[in-house]
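>>> quick check, what structure comes out for this input:
(one chain, ligands or ions: 1)
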Amino acid sequence: MKTLLGMTIEELKQFAAEIGEKPFRGKQIFVWLNRGATSFDEMTDLPKALREKLKTCAQIGGCRAIRIQEDTSDGTRKILFEAQVGADAASDTSGADQTAADTFEGVFMKYSYGNSLCVSSQVGCRMGCRFCASALGGFVRNLTAGEMLGQVLEAERVTGEKVGHIVIMGMGEPFDNYENVAKFLRLLHDENGRNMSWRNMTVSTSGIIPKIRQFAEDFPQVNLAISLHRLTDEGRSSIMPVNRKYPVEKLLEAARDYTDRTHRRVTFEYALIEGENDRDEDVQLMIRKLGGMLCHVNLIPLNKVEETGYSGSSRKRAREIAETLEKSGIPATVRRQLGSEIDGACGQLRRAASPLGRRRQQTNMPCLKNADGL
Ligand code: SAH
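Residues are numbered from 1 along each chain as shown. Okay, here's the model as predicted:
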């Protein structure tokens, strides 16, 4: 069983040839898949015999929504997805997890400039940030390009609305799954697919420096956000273990090289933790270190994750800090809070038993609620 969603046109042409069809059928299939077809029967410009053949040797893949929660105050929808594993593919595998499917979440958000989907790149996460719910569940696996694309298509199907922007700020570290993420971005951009502009895509990283450098080469027009949160090595390492490998100064150097190379500003995400990184001295350090950079600071009062023991700063304090930064010439915004009625805010989602009663426990993502100013 081949899974087709997530393949490039070239790969689908090759697949068509492998099953004894003309390569141009591959392109037709690509167009259907990227339009959100959920069955081969919908692909009406394929001969019936080919559609029947496809049913025997391929599955579409992607994912299905198994729970949707809506915040009626702002139209935000939190969607729990389940990876699609076709019946045949499932019966191919053996062992206790045969019927287990991985679940992960996406958040659909409405903005004045259009709709945006916060996409997960992994089931679980390896980064271990102390304030983040993802860290509590550990790492399960990387999502494929087809499963990321599937989140976009399925979100459109269940909301009946168009997704014009994506932010990879859901569960997982996208630069710990670089190849699949890169493929996903290229698929979104494909003119025979969704034809999404590079500038409507944003990737957020906890700071994996070699991949920031590669990203600048590969995707100079895609927006980059870096989760900074603290500016001393001691402080940042204490809440973000990734800092031990990729310390602050080197990270800022990589960010400067990124802006030099791309001429695009970088967004620094800064989750405000009361008494931890929101003191005047922290703000002054930010001004010293970020002054003069082509950047933008996105402040978000930390969302409460009970187990972590950290609390967010008040919105008033967040606004004060934004003002101080602005006065020093550093563009800063306080992130709008969407979806608060549904606990859809970053870091608030947690490991929970799958609603379908699957055997394996799943980790939900701490989705960034929105990407104001990105
Ligand atoms: N791994 C990537 C993307 C996923 S997390 C990254 O670290 O950038 C998306 C954002 O949510 C990151 O900036 C992360 O630090 C932030 N975040 C995690 N838990 C949070 C919480 N409890 N409150 C606010 N932001 C949080």
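>>> from now on I want contacts and neighbour counts done on CA atoms only, so please keep to that.
Fine.
>>> can you pull out the helices in the stretch 251-374 of the chain?
280-290, 315-327 (DSSP state H, counting those that start in this stretch).
>>> ok, the stretch 51-200 of the chain next?
Using DSSP H, counting those that start in this stretch, helices in the stretch 51-200 of the chain cover 87-92, 133-137, 145-159, 178-189.
>>> mean confidence for the first one?
Per-region confidence: helix 87-92 scores 41 on mean pLDDT.
>>> including distance to residue 330 and mean neighbour count, could the helices of the stretch 51-200 of the chain go into TSV?
Shown next, in TSV, are the helices of the stretch 51-200 of the chain (distance: least, CA to CA, whole Å; neighbours: other CA atoms under 10 Å):
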stretch	distance to residue 330	mean neighbour count
helix 87-92	52	13
helix 133-137	30	25
helix 145-159	33	23
helix 178-189	29	20
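>>> figure out which of these is closest to the ligand.
helix 133-137 (6.3 Å; CA to the nearest ligand atom).
>>> using CSV, write out every CA atom in that closest one.
The C-alpha trace of helix 133-137 is given here as CSV (Å, rounded to 0.1, in the frame of the first residue of the first chain):
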residue,chain,number,x,y,z
ALA,A,133,3.2,20.7,28.0
SER,A,134,4.7,18.9,25.0
ALA,A,135,7.8,18.1,27.1
LEU,A,136,5.6,16.2,29.6
GLY,A,137,4.6,13.6,27.1
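>>> what's the domain layout of the protein?
1-60, 62-369 (automatic domain parsing).
>>> comparing the ones you listed by mean pLDDT, which bottoms out?
Ranked by mean pLDDT, the domains of the chain end with domain 62-369 at the bottom, a mean of 87.
>>> what about that domain, distance to the chain center?
Relative to its chain's centre, domain 62-369 lies at 5 Å (CA atoms, centre = their mean, to the nearest Å).
>>> again, but for stretch 45-59
With CA atoms, centre = their mean, you get 32 Å for stretch 45-59.
>>> what residue in the protein is the furthest from its centre?
residue 49 (38.0 Å; CA atoms, centre = their mean).
>>> could you pull up the contacting residues of it?
Residues near residue 49 by CA atoms under 8 Å, 6 or more residues apart in numbering: none.
>>> and it, which of the three is it?
helix (DSSP: H, G, I helix; E, B strand; the rest coil).
>>> how far away is residue 174 from the ligand?
As judged by CA to the nearest ligand atom, to the nearest Å, residue 174 and the ligand stand 6 Å apart.
>>> tell me how far the spatially closest residue to that residue that is not a sequence neighbour lies from the ligand.
Distance criterion CA to CA, 6 or more residues apart in numbering; nearest residue to residue 174, sequence neighbours excluded, is residue 121 at 5.5 Å. Separation of residue 121 from the ligand (CA to the nearest ligand atom): 8 Å.
>>> how many residues are close by residue 121?
32 (other CA atoms under 10 Å).
>>> repeat that for residue 299.
Neighbours of residue 299 (other CA under 10 Å): 23.
>>> ok, it touching residue 316?
No - contact criterion CA atoms under 8 Å: residue 299 and residue 316 do not qualify, at 11.7 Å.
>>> element containing residue 21?
Assigned by DSSP states H and E, residue 21 belongs to no helix or strand.
>>> for burial, what's the neighbour tally of it?
The burial count for residue 21: 14, using other CA under 10 Å.
>>> got phi/psi on it?
Backbone torsions for residue 21, taken as degrees, to the nearest 10, come to phi -110, psi 170.
>>> quick check: the gap between it and the ligand.
For residue 21 relative to the ligand (CA to the nearest ligand atom), the value is 41 Å.
>>> swap in residue 312?
For residue 312 relative to the ligand (CA to the nearest ligand atom), the value is 8 Å.
>>> was I right about that residue contacting residue 306?
No - with contacts counted by CA under 8 Å, residue 312 stays clear of residue 306, the gap being 11.5 Å.
>>> these two: who's more crowded?
Shown here are residue 312 and residue 306; by other CA under 10 Å, residue 312 has more neighbours (20 against 12).
>>> is that one bridged to anything, and to what?
residue 273 (DSSP bridges).
>>> thinking again about what came up before, tell me if I'm right that the residue nearest to residue 174 and residue 173 touch.
Yes - counting by CA under 8 Å, residue 173 is a contact partner of residue 121 at 6.6 Å.
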